[in-house]
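Peer 1: whatever this is, show me its structure:
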Amino acid sequence: MKKIQMVDLKSQYEKIKTTVDASIQEVLDTTTYINGPKVHEFQKNLEEYLDVKHVIPCANGTDALQIAMMALGLKPGDEVITADFTFAATVEVIALLQLTPVLVDVDAVNMNISIEAIKKAITPKTKAIVPVHLFGRAANMEAIMQIANEHNLYVIEDNAQAIGANCKFTDGTKKKAGTIGHVASTSFFPSKNLGCYGDGGAIFTNDDALAHTIRGIVNHGMYVRYHHDVVGVNSRLDSVQAAVLNAKLPLLDSYNQARQNAARKYSAAFEGHKNIIAPMICDNCDCHVFHQYTLRIIDADRNALMEHLLAKGIPCAIYYPIPLHLQKAYLDSRYKEEDFPVTNQLVKEVISLPMHTELDNEQIKFITDSVLEFLK
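Peer 2: You can find the predicted model right below:
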């Protein structure tokens, strides 16, 4: 059996080596390393794939989220509601901009931000909601947009983990995650479903004026060279990374399908087990693209299971071991433990198994057999 990787980028690269190498060679031949043709080509291709008016590439996913907030003109002290159970980058940029993060609990079933918790957290100072499409599962954007419209709030989608996922609305229509709120961010970190070979990110919006502002911010506030019209930053996707992404974008749907197929096999093996809550998988499964495959281990020793798997050569991880409201950087007397019952439970139970495009049946069987062996 091939060695199991948490993310097998090498095997993925070997299948697309010719295309990737040729795309990178074009950049090297033209020496257009910043804002070159490959960046603009990728931008247009991603706009078409997402059916969104504007994609603005930038240096990384964290920058994308920060720039989105900068473009909205949020002021110090404005409150921004987001999920307690997610990676720190989401709250980090709120704090960096001297906004006030308001962390709320998540839903026990889908682990995304709780709709009821959002409603309870709104105050006269609330200006925005940042839903995170966690682990590749689309958040309930229909309900979130309804709340935002009722309270005149911005919605900034953190789509770092769910590119390609669909959000389904009650009228039967579907839209891609990251194209529904006022603005969205994504990351092209190598392990993402659409990943480059370094850092990269992008911002999405259907708002023409907002897109114009963002384009200035990412380039030192310039629209004309040496004319600085807005306060900006230096955050640009380099052409080599755009070349990689251009090569991989046509394969994104097949990559997501491979992840979904692996998830189905995992969940079939775990079905009905008293100690396992597996991710919910829809029949068509287009609302979840499985950036991570995350189990909840109940009435059993999650940490001991992790040690068991690692001892057998099976990589695994805990995303995330500490809630944001308990992180030293974000401690705040406003937060009460009773406000985070789901998050506080999840951090004790979750474990993520290997998930990537190259998982084969032999590996999945070995992984699932090893989990069940421990939980017998």
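
Peer 1: all strands for the protein, in order.
Peer 2: Using DSSP state E, the strands of the chain run over residues 54-58, 79-83, 100-104, 126-130, 154-158, 166-168, 174-176, 183-187, 201-205, 222-224, 227-228, 276-277, 293-297, 350-353.

Peer 1: so can I have a markdown table of those strands showing mean pLDDT?
Peer 2: Formatted as a markdown table, the strands of the chain follow (pLDDT from 0 to 100):
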| stretch | mean pLDDT |
| --- | --- |
| strand 54-58 | 98 |
| strand 79-83 | 98 |
| strand 100-104 | 98 |
| strand 126-130 | 98 |
| strand 154-158 | 98 |
| strand 166-168 | 94 |
| strand 174-176 | 97 |
| strand 183-187 | 98 |
| strand 201-205 | 98 |
| strand 222-224 | 95 |
| strand 227-228 | 96 |
| strand 276-277 | 98 |
| strand 293-297 | 98 |
| strand 350-353 | 98 |
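
Peer 1: quick one: closest of the ones you listed to residue 365.
Peer 2: strand 350-353 (12.5 Å; Cβ to Cβ). For every residue, glycine as well, the C-beta is placed using N, CA and C.

Peer 1: tell me where the longest helix sits in this protein.
Peer 2: helix 9-30 (DSSP state H).

Peer 1: how about TSV for the strands of the chain, with mean neighbour count and distance to residue 330 added?
Peer 2: Formatted as TSV, the strands of the chain follow (neighbours: other Cβ atoms under 10 Å; distance: least, Cβ to Cβ, whole Å):
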stretch	mean neighbour count	distance to residue 330
strand 54-58	25	24
strand 79-83	25	11
strand 100-104	24	7
strand 126-130	24	14
strand 154-158	26	16
strand 166-168	19	28
strand 174-176	17	30
strand 183-187	29	19
strand 201-205	28	22
strand 222-224	12	33
strand 227-228	12	32
strand 276-277	18	27
strand 293-297	22	22
strand 350-353	22	20
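
Peer 1: so which of the ones you listed gets nearest residue 138?
Peer 2: Using Cβ to Cβ, the nearest of the strands of the chain to residue 138 is strand 166-168, at 4.6 Å.

Peer 1: which outside residues touch the closest one?
Peer 2: Residues from elsewhere that reach strand 166-168 (Cβ atoms under 8 Å, 6 or more residues apart in numbering): 138, 139, 141, 142, 174, 175, 176, 177, 180, 286, 287.

Peer 1: what residues sit buried inside the longest helix of the chain?
Peer 2: Going by neighbour count (16 or more other Cβ atoms under 10 Å), the buried part of helix 9-30 is 12, 19, 20, 23, 24, 26, 27.

Peer 1: go through those and name the one nearest residue 326.
Peer 2: Nearest member of the buried residues of helix 9-30 to residue 326, counting by Cβ to Cβ, is residue 12, at 35.6 Å.

Peer 1: residues in contact with that closest one?
Peer 2: Residue 12 makes contact with 356, 357, 358, according to Cβ under 8 Å, 6+ apart.

Peer 1: the second one reaches residue 259, doesn't it?
Peer 2: This points to residue 357. Yes: the pair residue 357 and residue 259 qualifies as a contact (Cβ atoms under 8 Å) at a distance of 6.5 Å.

Peer 1: including distance to residue 150, could the contacts of residue 12 go into TSV?
Peer 2: Output for the contacts of residue 12, formatted as TSV (distance: Cβ to Cβ, whole Å):
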residue	distance to residue 150
356	40
357	40
358	45
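
Peer 1: return a ChimeraX selection command for the buried portion of the residues you listed.
Peer 2: Buried residues among the contacts of residue 12 (16+ other Cβ under 10 Å), as a ChimeraX selection:
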select :356,357,358
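
Peer 1: how many neighbours does residue 374 have?
Peer 2: By the criterion of other Cβ atoms under 10 Å, residue 374 has 18 neighbours.

Peer 1: ok, so of the buried residues of helix 9-30, who is nearest residue 271?
Peer 2: Nearest to residue 271 among the buried residues of helix 9-30, with distances taken as Cβ to Cβ, is residue 12, at 28.5 Å.

Peer 1: per-residue pLDDT, the closest one?
Peer 2: At residue 12, the model reports a pLDDT of 98.

Peer 1: what does residue 280 give?
Peer 2: We have a pLDDT of 84 for residue 280.

Peer 1: test my guess that residue 80 contacts residue 69.
Peer 2: Yes: the criterion here is Cβ under 8 Å, and residue 80 meets it with residue 69 at 7.5 Å.

Peer 1: can you pull the contacts of the residue nearest to residue 20 when sequence neighbours are not counted?
Peer 2: Leaving out its chain neighbours, the residue that sits closest to residue 20 by Cβ to Cβ, 6 or more residues apart in numbering is residue 247, at 4.6 Å. Residue 247 makes contact with 16, 19, 20, 23, according to Cβ under 8 Å, 6+ apart.

Peer 1: what of residue 9?
Peer 2: Residue 9 makes contact with 190, 191, 195, 356, according to Cβ under 8 Å, 6+ apart.

Peer 1: do the same with residue 220
Peer 2: 228, 232, 233, 234.

Peer 1: could you do residue 219 as well?
Peer 2: 35, 232, 234, 236.

Peer 1: ok, and the most crowded of the residues you listed?
Peer 2: Among the contacts of residue 219, the one with the most neighbours (other Cβ under 10 Å) is residue 236, at 21 neighbours.

Peer 1: and the contacts of stretch 357-371?
Peer 2: With Cβ under 8 Å, 6+ apart as the test, stretch 357-371 has contacts from 1-2, 4-5, 8, 11-12, 255, 258-259, 262, 265-266, 269-270, 276, 295, 305, 308-309, 312, 314, 353-354.

Peer 1: now, of these, which are buried?
Peer 2: 4, 8, 12, 255, 258-259, 262, 266, 269-270, 276, 295, 305, 308-309, 314, 353-354.

Peer 1: where along this protein do the helices fall?
Peer 2: 9-30, 37-50, 61-71, 89-96, 115-121, 141-151, 208-217, 239-248, 252-270, 302-311, 341-349, 361-374.
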